[in-house]
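> Have a look at this fold, sequence not included:
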């Protein structure tokens, strides 16, 4: 292991530790989330680790992490694919994120065979490592939070090493969708779409994308606001 990789791994362990901010609680019951999510959905996570704090500051977004739903069946349950800072690209159960605030972003209009190709593309990256160069870039903003103008912050997240065997969460998922020519936030030129480089995507882009629907687990079943039970404070003496 080279000196840069060794140092990057040490920094990664530090960044994974919880930060000072209190975690945002989930807004849906886990069973509702489990039933609502489908293969191909992107699950956004509102993390509270040190690296999450840096990502949310630089992206001016609630979302610090993204995972792709790659399996859903009765035996394995729901399986997510993600790029973890320490362990690299891996599979985790949906229950790994049952106690945090999440959001489901669903790509619209993809044929099942193309969705399977995108999932396979992501699975073929299992075992790839997290981009150490990206970790070192982020670490600077935890030592001292600079007054960076909003319009420059995205560029500070797109340095990285450029190594194709390394990835961060949002760039990996962006590559999977780009492999089937599905748009996320493309630029337009003369009525033709231009792909943004995958390293320029951040978790919040799937939230604001016009091509991903936001799925509310609590609204997947019939919802009647008149059946809610409200606590009524007792009258003052």
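Structure's in. What do you need? Bear in mind that the values here come from a model prediction, so they are computed numbers and not experimental data.

> Run through the helices of the chain in chain order.
Ranges of helices within the chain are 3-15, 30-36, 50-59, 112-123, 132-143, 150-153, 169-178, 204-208, based on DSSP state H.

> tell me what the fourth one is packed against?
Right, the one you point to is helix 112-123. Applying 3 or more CB pairs under 8 Å, 6 or more residues apart in numbering; DSSP states H and E, we find helix 112-123 packed against strand 65-73, helix 169-178. All C-beta atoms are positioned from the backbone trio N, CA, C, and that covers glycine.

> Check the offset of the first one from the chain's centre.
The chain centroid and the centroid of strand 65-73 are separated by 10 Å under CA atoms, centre = their mean, to the nearest Å.

> buried residues in that strand?
65-72 (16 or more other CB atoms under 10 Å).

> Name the residues of stretch 73-83 that are buried.
78-83.

> Over to stretch 199-217?
199-207, 209, 211-212, 215, 217.

> quick check, nearest of the buried residues of strand 65-73 to residue 97?
Residue 97 has its nearest neighbour among these in residue 67, at 7.6 Å by CB to CB.

> Can you get me a residue count around residue 174?
For residue 174, the count of nearby residues is 27 (other CB atoms under 10 Å).

> what's the spacing between the one residue sitting closest to the centre of the chain and residue 41?
The chain has residue 66 as the residue nearest its centroid, 1.1 Å off, counting by CA atoms, centre = their mean. In this view, residue 66 and residue 41 are 11 Å apart by CB to CB, to the nearest Å.

> returning to that earlier point: the residue nearest to the centre of the chain: what's it in contact with?
42-45, 82, 169-170, 173, 203, 206 (CB atoms under 8 Å, 6 or more residues apart in numbering).

> go with 7 Å
42-44, 169-170, 173, 203, 206 (CB atoms under 7 Å, 6 or more residues apart in numbering).

> cool, residue 182 as well?
Per CB under 7 Å, 6+ apart, neighbours of residue 182: 107, 110.

> measure stretch 45-63 end to end?
With CA to CA, to the nearest Å as the measure, stretch 45-63 spans 6 Å from end to end.

> mean confidence for that stretch?
On average, the pLDDT along stretch 45-63 is 80.

> Can you list the buried residues in that stretch?
Buried, per 16+ other CB under 10 Å, within stretch 45-63: 45-59, 61, 63.

> For residue 193, grab the count of nearby residues.
Neighbours of residue 193 (other CB under 10 Å): 11.

> For it, give its distance to residue 56.
Counting by CB to CB, the gap from residue 193 to residue 56 is 28 Å.

> again, but for residue 122
Applying CB to CB to residue 122 and residue 56 gives a distance of 24 Å.

> and residue 86, what pLDDT?
Value for residue 86, per-residue pLDDT: 80.
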